[in-house]
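Student: Dropping the sequence and predicted coords here.
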Amino acid sequence: MIKSKKRIWAGFVVLILTVICAGSAAAKDTGYAGRIWVRDDAGLLSEDEVTKLNETCGKLSDEYDTGISIITVDDFGGGDITKWQEGKYIEYELGEADGGVMLAVSMADRDWGIKAFGAAEDVFTAYSREKIADLFLDDLSDGDYYEAFDTYAKLCGDFLKKAQTGEVYSSENPYKRPAPVWLIIVISFAVSLIISLIIVMSWKKGMNTKGMQAEAVQYLRKDSFRLTRREDLFLYRTVNRTKKPENNGNSGSGSSQPMKSSGSGTRGKF
């Protein structure tokens with residue numbers, strides 16, 4: 001009888017735990033669970049990085065009803081990478097109610113492309129796509145792929161958040177990246193230090209009973225110094241000469257290629 005009661009209680013406890021776990025899992029399912037927003041076919045990321053990026057893109061896609069996706073491949077096959085993205089957008093079903101935006105990277109010739117789809121074209125204009133690219137391309141070129149992709153995803157969220165206010169970023173309404181937390185802390189500390197120094201110096205000055213004299217003669221004893229001769233001597237001079245650079249017609253030697261925007265897509269090399 002006692003064993004039967006123990007089994008009943010054990011079964012009851014297991015049932016309760018099962019219900020709690022199921023409720024927790026349901027709470028975590030925010031609508032993007034199971035969907036793939038990041039496809040790293042080029043193998044640029046670790047599994048953990050892919051998981052974290054997929055979660056970031058999934059949350060933002062769900063929040064703004066706009067698919068935010070990333071695809072990397074060894075070779076997209078040549079031509080216009082933004083045209084290639086159109087097929088992948090449909091094939092992988094990367095859109096939401098308000099369309100989507102995709103970053104694609106091909107390692108063969110180091111191509112990249114950002115393309116907007118559907119209603120997202122109104123948010124991710126040429127200005128927006130080029131601005132986002134400007135902010136992640138350095139990391140992409142340096143091989144810091146996770147940082148580049150994470151920056152891209154979060155910037156997409158910033159631009160979509162702005163669009164919810166009824167405005168979009170543009171050359172007339174430019175995007176200004178928030179200052180990093182460490183910089184804010186350093187500036188706050190510096191300002192506090194300067195204010196503290198000013199207060200301390202004012203206190204110190206108030207404690208001095210005798211003020212500093214403007215001329216040295218005030219510190220001399222009367223009739224203790226007499227100037228009998230005065231003259232100016234020119235000792236030497238220094239002349240610095242700088243050779244004027246020759247104009248050979250070359251305006252620069254950079255090898256990076258500028259990005260190109262057309263329609264709803266922007267592409268370039270990294």
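Tutor: On my side now, so go ahead.
Student: Phi and psi next, for Gly166.
Tutor: Main-chain torsions, Gly166, degrees, to the nearest 10: phi 100, psi 0.
Student: measure it to Arg177 for me?
Tutor: In this view, Gly166 and Arg177 are 21 Å apart by CB to CB, to the nearest Å. Bear in mind the C-beta positions are built from the backbone N, C-alpha and C, glycine included.
Student: Looking at those two, which one has more neighbours?
Tutor: Arg177 (10 against 6; other CB atoms under 10 Å).
Student: The closest residue to the more buried one other than its chain neighbours: what secondary structure?
Tutor: Among residues not flanking Arg177 along the chain, Leu135 sits closest, at 6.7 Å (CB to CB, 6 or more residues apart in numbering). State at Leu135, reduced to three classes by DSSP: H, G, I helix; E, B strand; the rest coil: helix.
Student: how far away is Leu135 from Gly78?
Tutor: Using CB to CB, Leu135 is found at 27 Å from Gly78.
Student: need the contact list for the closest residue to Val73 other than its chain neighbours.
Tutor: Nearest non-adjacent residue to Val73, counting by CB to CB, 6+ apart: Asp41, 4.8 Å away. When contacts are counted by CB atoms under 8 Å, 6 or more residues apart in numbering, Asp41 touches Ile71, Thr72, Val73, Asp74.
Student: separation between Arg110 and Glu47?
Tutor: In terms of CB to CB, Arg110 sits 24 Å off from Glu47.
Student: can you check Phe76 too?
Tutor: For Phe76, the distance to Glu47 (CB to CB) stands at 23 Å.
Student: When these two are compared, which one has more neighbours?
Tutor: Phe76 (22 against 8).
Student: Could you find the closest non-adjacent residue to that one?
Tutor: Ser106 (4.2 Å).
Student: isn't that neighbour right next to Asp75, touching?
Tutor: Yes: judged on CB atoms under 8 Å, Ser106 makes contact with Asp75 at a distance of 5.9 Å.
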